[in-house]
Each structure stands twice: as C-alpha cells, then as structure tokens.
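Colleague: Output the structure for:
(2 chains)
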Amino acid sequence: MAGNEKKPFLLEFEKPLAELQERIERIRELAEESSVDISSQIRQLETKYVQLRDEIFSSLTPAQRLQLARHPRRPSTLDYIQAICDEWIELHGDRRGKDDPALVGGVGKLAGIPVVLLGHQKGRDTKDNVARNFGMAAPGGYRKAMRLMEHANRFGMPIISFIDTPGAWAGLEAEELGQGEAIAYNLREMFRLDVPIICTVIGEGGSGGALGIGVSDRLMMFEHAVYYVASPEACASILWKDAVKSVPASAQAAEALRINSQAAEALKITAKDLKNLGILDQILPEPLGGAHADSIRAAEVLKDAILKNLQQLQLLPSAELRSLRYDKFRQMGIFTEG
Amino acid sequence: MPQLGSLFDWFADRQKTSPSIQQQQEREIADGLWTKCEDCNAIAYTKDLIANQMVCLECGHHKRVSCHERISQLIDDDTWIPLDEQLQPSDPLKFRDRKAYSDRLRETQRKTGLTDAVVTGMGKIEGSPIALGVMDFRFMGGSMGSVVGEKLTRAIEYATANRIAVAIVCASGGARMQEGMLSLMQMAKISGALERHREAQLLYLPILTHPTTGGVIASFAMLGDIILAEPKATIGFAGRRVIEQTLREKLPDDFQTSEYLLKKGFVDKIVPRTQLKHTVAQLVRLHQTVGS
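Modeller: Got it, this is the predicted structure:
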C-alpha cells in the first residue's frame, strides 16, 4: 500500500475532519468518471467541512491542545528557524565537553537583523526523536544555550528562543553534570543580558526545562501551545495517585485518560489561561487545524510578531531593558496581603 | 512447692499487668520525653536531643526541624526581625485534585501554625547582620508557590538595599503544582533578585537540607556564591524513582546525597548542623570587607 506512507498522523478529534475530506475526494473522483455535475453538492460538503473544522478547533479542551502541542507533525524549532531567517548557521557545543542535539542554536539574519536563535529540538520521527532525546535537554544543552546567549550579548545581537520540550532530561548523567545548576545559572544570567530576548512557546513548555531558556522581555505562545509547571501526566500520578488502581482493570486505561485530562484542565496550561494569570504577553493565532496544517502561514505569523516586538525592544537602552525585564517577572505571583 | 508456684504466678501476673520496658518507652516517646532516632533506632532523652539541635547523639542523623527551631539555632538571641508575615497564599487557579487546594491550605496552616512554606526575616549571626529565609518541609512538602517566591524575593531585595548577606535554608520538593505556572515563575523571579544582589557584590549562601529537589534546586538552591549542605540530605533535580524508571537500572546508593554532590563539585562543604551557625557566621565575616 504505497498510499499508506503519506497518510498523516491523526489525533482522535481530527478524525471526523479527515473522514469528511476523504468523502469529498471520493465524490469528486466519482463525478469525474461519470461526468455528472455534482459541484453544488461538493460545495455543500466543503462548507460543512469548514464549519466542522471551526467547531472542533474553537472548542478544544486543554487535553486536546496538549495533543496538538505534541503533534508529531507540528513545526519544530529548526523548521521555524529555516522558515523565518534570511540566512542561518547552526553552531555547536557547550565548550565543556558536550553538544546536546536536544537544544540547538546558532547565528542568523532575520529581516536583515543579525540575531542569535536557539531552542529545544524534537525529532520528526521515532529514529530522529531518539537522537534528539525527544527534545529533553541535558545540562550540556542549557550550557550551550548560555554560551550562545553570552555570544549574542557580546555582539549586541537580540536573542530569539523557542520552547518545545516535555521537560529537562531526567537521567543519571544529567544529575551528575548538574541539571539543576545548569538551569538555575541560565535563570539568573538571563536577567543580566543587555540585548532583547524574545521567547516563543511553539509546542510544549515543560516546566524548568522550558524556563531554562525562557527568561525574556516578551513571552509569546502559539494558540495551541501549552506551558506547565508539571506535565498533566506527572501531576495526575502524584495528586490523583491510586485513583486509576481503584477501578477495575478493564476500565483503568479510560480512567487514566479521564484523570490526565482533569489534571490538564486544573493546571491551567493553555495560552489563554497564562495570559489571564499575567505570565504571557502575546498569543499567536494558528492556522485552522493547527500550525501543522499550514506551517508556512504559522511561520509568517511568528516572524511578523518577532519583528514587531523587536522594533519596540531595540529602542530601549540596555539598562532600561534589563530593568523592565526584572519588573516583568517581579510582578508574577498571586497572593493576599492583609 | 506451693511457694515456688506462687512466685511463678506472681511473675506471670506482673508481666501481664505492668508494661514492658519497650511499652513504657513507647509511651514516653509519645509523651515526648524520649525520642527515637529514625535512622539507628537509638533512644535519646528529648532534652538532650534538642540541646544537640535534633542531631542523633549516637549516629549523627539529622532529624527534621521546623523553621522556628532553625531560626533559633542560627540567629543570635533577641535579634530576629521577621519580614512579610502578613503574606497569605490564595487559590488563583481554583485548583482541585481529590481535595480543594483552599481546604488543603487551611488545614496545613492550622496543623503547622505557619502561613506558608517559608519564614523570612533579618537578624544577627555571631554579631553580623544577615537576611535569612527558612523553608519548612511540613508545609506541603516545602513546595514553592507565589508566597514562597514573593517572601524570598523581598528578603533578597531587602538584603540588597541594606547591603547585607543572604542565607536561605532550603527544604523543598520543588514548585507547588496547585498554583500552576505561577509557581514555576517564582524560580525566575527569585533568580532575578539574586542577580541584583550578586551585582551589588554581596554574599549569598544557600544551605541545602533534606530534601532539596525540583524547581528549588533548579533555581536559588544552586545559585550560591558558596553552597553548604547538611550531611546525608537528598539533593537533586529529578526524583530518584523517575530516573530509575527511565534507566531501568539501580542507581548508586549515595546518588543525590550531599556527599555525592560534594564529590561531583556542586557543593562547597558539608556542615553538620551543630557547626552550621559558626560556619555561616565565619563565611559572612570573611566576606564582610568585600564590596562594602
């Protein structure tokens, strides 16, 4: 079955759309063979398709957005960098003995402006994902990012960072090399940088592993991207522990799904939630069907937003830029003071 | 011999009615007169244990202490001035797992007498002024939400403005899930305040106690000019079980302990609690001329 290779990966809620599209195709083929004019029926079905798509994508649950954010065909950091840059050279290594393939970066030109770009890199397929460690960066990745940001600072280049990780790598070697220290160091040093930092969550923002390159003057998120303190799965297994075991074995898979989606809802992980909490500056609209449905359009939206923010930020003297960055994070947090 | 028989009866009777030494000890442990070491099971007179700062006199095990005990261990008598005690946690996400976060907060506050998982203030340590934050593991595992982040940030800002050193006694499982992303952002907020404190050439000393993990290790716990740790504390980024699951092999026994971090170069010195005050004071004194 040669056609099978091209068959796109479909999420559960994408399936009705794919089915409808397939039906339209079949009718069109049939019409050509029999030379009967059914263009009005096709038009009707196409209208229905658009309606259904709008309906599905305007009422996505947090758990469905999480699936979209992790969609294997969702554009990655390197996809966006290649799409938005006039030119670009990837640079390697943390100068401490590591070059982490899960966190990439380099120098490039964005609408004529020299910039440093960096971000987590997920794989496109299983083999690629194993090589990229599913976008879970090790200490060497965070140190490479910092080295590149220091480079940007030295040459006065703005920093454009992209977040797309399930979280920082949790492994023996990562602990040995100081995963905590590597992230902590970036958090502090990013406040010291004199150049503008624009950060965009393009897919999945997994906790400290995301924040490790996420201290910025502007934080943007794609419409269906998510950013969380703990993955809904991890949160569910800690706060709803034993809940799955309490139901019969045959119902456990469904119960796990239900609890995970409950955790996704409770954690407030969507762009809209984070805007309401005063954490996010800007939501980037995605093409209908998600960024993977039209990655060229998604890249245009991204480039446009980066350039607009850059224009504003480049006007600020570095002392003011740093001071505003401090104030931006300083006001985060909700408590009462009676 | 009837007499011998009654003697046996008397012993048997006595064993039934009077508590065994073990039972008696357990009752006295419950009364708080005696305390049993969780590590070596040695039983110590509680008064002696308190005098030894809750460090087992037999094996040196460091028993968990509350933030208030910690402050009295570290700060000179009658010099402690608490800061920002009025800050109260709220429930911005209306978070609910099997229990509502707001109920969990109220319950924990009642049980611990604390408002949240950190107490901050300023005082003197062997005569030198210091701003101090002490986390308390009893309050939801010392987890960091908005209040922990805000109080630590204010204490650091206070220290920067008054040109004094900061120490933070860490004891935390990491960011507090119930406040979602607001908790994660506290990591950045505190790190930003530490950057300004550092820029002012002032000394910052995190003191890592059992346990210091997750978002706390990935922010202020690892940002010290000098990093101290109590013996045998668990210190690490990811949970041991998570790593074991991904690796499918057993980890070294001393993995993620103070001693392991010292060996790997991430901790400057392991300091027993009984010497902690003196060591911190000594370090503060050694750096006093610098930058001031």
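
Colleague: residue ranges of the helices in the stretch 1-150 of chain B, please?
Modeller: B:2-17, B:21-31, B:46-51, B:67-74, B:101-112, B:146-161 (DSSP state H, counting those that start in this stretch).

Colleague: Give the buried residues for the third one.
Modeller: For helix B:46-51, the neighbour count (16 or more other CB atoms under 10 Å in any protein chain shown) marks B:46, B:49 as buried. Any C-beta I mention is one placed from the backbone N, CA and C, and that applies to glycine too.

Colleague: ok, and what's touching it?
Modeller: Contact with helix B:46-51 is made by B:32-35, B:55-57, B:63, as judged by CB atoms under 8 Å, 6 or more residues apart in numbering or on different chains.

Colleague: What about these, which are in strands?
Modeller: The strands, defined by DSSP state E, take in B:34-35 from the contacts of helix B:46-51.

Colleague: Now the buried members of the contacts of helix B:46-51.
Modeller: The neighbour-count criterion (16+ other CB under 10 Å) marks B:34-35, B:55-56, B:63 among the contacts of helix B:46-51 as buried.

Colleague: Max pairwise distance over those residues: which two?
Modeller: Spanning the widest gap among the buried ones among the contacts of helix B:46-51 are B:W34 and B:V55, at 16.0 Å by CB to CB.

Colleague: Give me the domain ranges for chain A.
Modeller: As assigned by the TED database, chain A contains the domains A:14-59, A:66-331.

Colleague: and the angle for whichever helix in chain B runs longest with helix B:146-161?
Modeller: Scanning chain B for the longest helix, with DSSP state H as the assignment, gives helix B:180-199. For helix B:180-199 against helix B:146-161, the angle by axes from the mean of the first three to the mean of the last three CA atoms, to 10 degrees is 10 degrees.

Colleague: so where's the stretch 151-300 of chain A uncertain?
Modeller: Along the stretch 151-300 of chain A, the model assigns pLDDT under 70 to no residue.

Colleague: Flag every residue of the stretch 101-250 of chain A that's near chain B.
Modeller: Residues of the stretch 101-250 of chain A lying near chain B by CB under 8 Å from any CB of the partner chain: A:168, A:170-172, A:174-176, A:178-181, A:183-185, A:187-189, A:191-192, A:207-208, A:211-212, A:214-215, A:227-230, A:235, A:238-240, A:243.

Colleague: For those, which PyMOL command selects only the ones that are buried?
Modeller: To isolate the buried members of those in PyMOL, using 16+ other CB under 10 Å:
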select buried, chain A and resi 168+170+171+172+174+175+176+178+179+180+181+183+184+185+187+188+189+191+192+207+208+211+212+214+215+227+228+229+230+235+239+240+243
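
Colleague: how about the most centrally placed residue in chain B, what does it touch?
Modeller: Centroid check for chain B by CA atoms, centre = their mean gives B:A171 as the closest residue, at 4.0 Å. The contact partners of B:A171, by CB under 8 Å, 6+ apart, come to B:64, B:135-137, B:142, B:209-212.

Colleague: Could I get the contacting residues of B:L33?
Modeller: With CB under 8 Å, 6+ apart, B:L33 has these contacts: B:45-46.

Colleague: Just confirm B:E195 contacts A:R188, I think it does.
Modeller: Yes - using CB atoms under 8 Å, B:E195 is in contact with A:R188, at 4.8 Å.

Colleague: Quick check: residues of the stretch 1-150 of chain B near chain A?
Modeller: Counting by CB under 8 Å from any CB, the stretch 1-150 of chain B sits next to chain A at B:86-90, B:92-93, B:95-98, B:146-147, B:149-150.

Colleague: rerun at 10 Å
Modeller: Selection of the stretch 1-150 of chain B residues close to chain A by CB under 10 Å from any CB of the partner chain yields B:84, B:86-99, B:101, B:115-116, B:144-150.

Colleague: Can you list phi and psi of the nearest residue to A:A225 once chain neighbours are set aside for me?
Modeller: Nearest residue to A:A225, sequence neighbours excluded (CB to CB, 6 or more residues apart in numbering or on different chains): A:V201, at 4.4 Å. Per-residue torsions, A:V201: phi -80, psi 110 (degrees, to the nearest 10).

Colleague: does A:V201 have beta-bridge partners, and which?
Modeller: For A:V201, the beta-bridge partners are A:I163, A:M221 (DSSP bridges).

Colleague: is it fair to say A:L219 lies in a helix?
Modeller: No - using DSSP: H, G, I helix; E, B strand; the rest coil, the assignment for A:L219 is strand, not a helix.

Colleague: How about the contacts made by it?
Modeller: Going by CB atoms under 10 Å, 6 or more residues apart in numbering or on different chains, A:L219 touches A:161, A:163, A:197-201, A:205, A:227, A:274-275, A:279-282, A:328-329, B:185.

Colleague: Among these, which lie within strands?
Modeller: Judged by DSSP E, the subset of the contacts of A:L219 located in strands is A:161, A:163, A:197-201, A:205, A:227, A:282.

Colleague: show me the contacts for B:E157.
Modeller: A:330, B:131, B:166, B:193, B:196-197.

Colleague: now do A:T165
Modeller: With CB under 10 Å, 6+ apart, A:T165 has these contacts: A:77, A:102-103, A:119-122, A:133-137, A:141, A:201, A:203-207, A:209-210, A:212-213.
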